[in-house]
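Here's a sequence, model it:
(one chain, ligands or ions: 1)
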Amino acid sequence: MNYDPKIPVSPADRPESERARTLMVQNQLASRGIQSQSILDAFQKVTRHLFVKPEDIGQAYEDHPLSIGFGQTISQPYMVAYMLEALDLRGGEKILEIGTGSGYQTALLAEISAHVYTVERIPELLKSAQTKLDYRNISFQVRDGTLGWPEMAPFDRIIVSAGSPKIPEKLIEQLKDKGIMVIPVGNEFHQDLFRVVRQGDQIIKERKGGCVFVKLIGQEGWQLD
Ligand code: SAH
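Model prediction:
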């Protein structure tokens, strides 16, 4: 949608309106099978347009990823909802998020869990996300998320929002028993979303479908070019 903030439109039709979020929740999430009411409520509440570049506000609630600078993207809303649903959140979880990016997904997680530990490798992105996130249950750090956050481990859930060549060993180590991790694994152009469940010493991996993410760059991920 082309949006010029200088041209007046009625409040309900503005691209950043409550109604724009309602339409996103109905047409992109609920109609495609997202069932968790707490996830749908979080998408209704969190103002995605504040997490995109100002010139992209007109597209903030559209059905695709958007650039957030530094070669990174804010994921398509449906993909975020799909990953959150795969985490099977009940409300009291301690979560590790790898790849803060814009901070949008961090806000959604903060709405539906007990505490979010989020890590990002690009300091400028983390700083920008931090200024937008007014939650008491988020801890931020610039670090290589492929190594997790051992000082705060173990975690009930781990969500990786960048594509990795493999499942980093340290992340499995930092997952609680019966904990769940979702992570895209594959090559640089295409990945499969994996849901990894830890059952004692056993690791159960389930493929949840194809996806495309930016690269997870770090010691246990892709190397910098
Ligand atoms: N969920 C984010 C999407 C971020 S894109 C959002 O809603 O905006 C993926 C992010 O992962 C990028 O910001 C990238 O810089 C970050 N990233 C890549 N490798 C990383 C690593 N090893 N540790 C931490 N963050 C990493």
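
got the residue ranges for the strands in the chain?
According to DSSP state E, the chain carries its strands in the segments 66-69, 72-74, 94-98, 115-120, 138-142, 155-160, 175-186, 191-199, 202-211.

Adding mean neighbour count and mean pLDDT, write these out as a markdown table.
(C-beta placed from N, C-alpha, C; glycine too.) Output for these, formatted as a markdown table (neighbours: other Cβ atoms under 10 Å; pLDDT from 0 to 100):
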| stretch | mean neighbour count | mean pLDDT |
| --- | --- | --- |
| strand 66-69 | 16 | 98 |
| strand 72-74 | 21 | 97 |
| strand 94-98 | 25 | 98 |
| strand 115-120 | 25 | 98 |
| strand 138-142 | 16 | 98 |
| strand 155-160 | 24 | 98 |
| strand 175-186 | 20 | 98 |
| strand 191-199 | 18 | 98 |
| strand 202-211 | 12 | 97 |
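
Let me know which of these is the nearest to the ligand.
Shortest distance between the ligand and the strands of the chain, using Cβ to the nearest ligand atom, is found for strand 72-74: 3.8 Å.

so what strands line up beside that closest one?
When pairs are called by DSSP bridges, strand 72-74 turns out to pair with strand 66-69 (antiparallel).

what about the nearest residue to Gly221 once chain neighbours are set aside, how many neighbours?
Leaving aside its sequence neighbours, Gly221 sits nearest to Thr146 (Cβ to Cβ, 6 or more residues apart in numbering; 4.4 Å). Look at Thr146: counted by other Cβ atoms under 10 Å, it has 23 neighbours.

Contact partners for Thr146?
For Thr146, the contact set (Cβ atoms under 8 Å, 6 or more residues apart in numbering) comprises 98, 164, 168, 170-171, 216, 218-221.

Including distance to the ligand, could those residues go into JSON lines?
As requested, these are exported to JSON lines (distance: Cβ to the nearest ligand atom, whole Å):
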{"residue": "Ile98", "distance to the ligand": "5"}
{"residue": "Ser164", "distance to the ligand": "9"}
{"residue": "Pro168", "distance to the ligand": "9"}
{"residue": "Lys170", "distance to the ligand": "11"}
{"residue": "Leu171", "distance to the ligand": "11"}
{"residue": "Leu216", "distance to the ligand": "4"}
{"residue": "Gly218", "distance to the ligand": "3"}
{"residue": "Gln219", "distance to the ligand": "8"}
{"residue": "Glu220", "distance to the ligand": "8"}
{"residue": "Gly221", "distance to the ligand": "5"}
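
Restricted to helices, list these.
Using DSSP state H to define helices, the subset of those located there is 170-171.

Would you agree Asp56 is in contact with Leu66?
Yes: contact criterion Cβ atoms under 8 Å: Asp56 and Leu66 qualify, at 5.2 Å.
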